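K.L.:
pasting the structure only:
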C-alpha cells in the first residue's frame with residue numbers, strides 16, 4: 001500500500017486548505033484512513049479518520065475540519081477551515097487494514113510522507 005499526501009502550504013489565520021491522500025496498491029473495502037499531525041517539538045497526534053461508518057475528528061478540530069473520500073480516485077481529502085497558528089504541523093495520512101477508525105498510530109501499517117501546513121497569525 002502506498003499513500004501520497006499533498007496540499008499543504010502557508011495560509012493566514014482564518015484561512016482554509018484541503019489536503020489530499022492518494023492511495024494505491026490495496027484491494028479491500030475494510031480499512032480506515034487516519035490523519036495525524038506533528039507540530040515542531042511535539043508528539044504526533046491524531047486529527048481525523050474515516051472508515052466505512054463515517055468520519056471522526058479530534059476535539060481540537062471538530063467543527064473546522066471535515067474528511068471525505070472519493071472512491072473513484074482512491075483519494076481521501078481533509079478539508080481544513082478556520083485555521084489557526086496552533087494547526088501548524090506536518091500532516092500525515094495513514095492506512096489501517098481491517099480496522100475501523102483508531103486514534104492509535106500503531107493501528108496504521110502504512111504512512112504517507114507528510115505535507116507541511118503553516119498558519120501565520
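P.N.:
Alright, I've got the coordinates. Not measured: the values here are computed from a predicted model. Numbering: from 1, shown residues only.
K.L.:
How far does stretch 70-90 sit from its chain's centre?
P.N.:
The chain centroid and the centroid of stretch 70-90 are separated by 6 Å, computed with Cα atoms, centre = their mean, to the nearest Å.
K.L.:
Check the separation of the first and last residues in that stretch.
P.N.:
End-to-end distance for stretch 70-90: 23 Å, by Cα to Cα, to the nearest Å.
K.L.:
Ignoring the adjacent residues along the chain, who's closest to residue 120?
P.N.:
Spatially, and ignoring its direct neighbours in sequence, residue 120 is nearest to residue 12 (5.5 Å; Cβ to Cβ, 6 or more residues apart in numbering). (Each C-beta comes from the backbone N, C-alpha and C, glycine too.)
K.L.:
So residue 46 belongs to a helix, correct?
P.N.:
No: Residue 46: not assigned to a helix; according to DSSP: H, G, I helix; E, B strand; the rest coil it is strand.
K.L.:
Relative to residue 44, how far out is the nearest residue to it once chain neighbours are set aside?
P.N.:
Distances taken as Cβ to Cβ, 6+ apart put residue 103 closest to residue 46, at 4.1 Å, once the chain neighbours are dropped. The span separating residue 103 from residue 44 equals 11 Å under the rule Cβ to Cβ, to the nearest Å.
K.L.:
pLDDT at the residue nearest to residue 120, what is it?
P.N.:
At residue 12, the model reports a pLDDT of 98.
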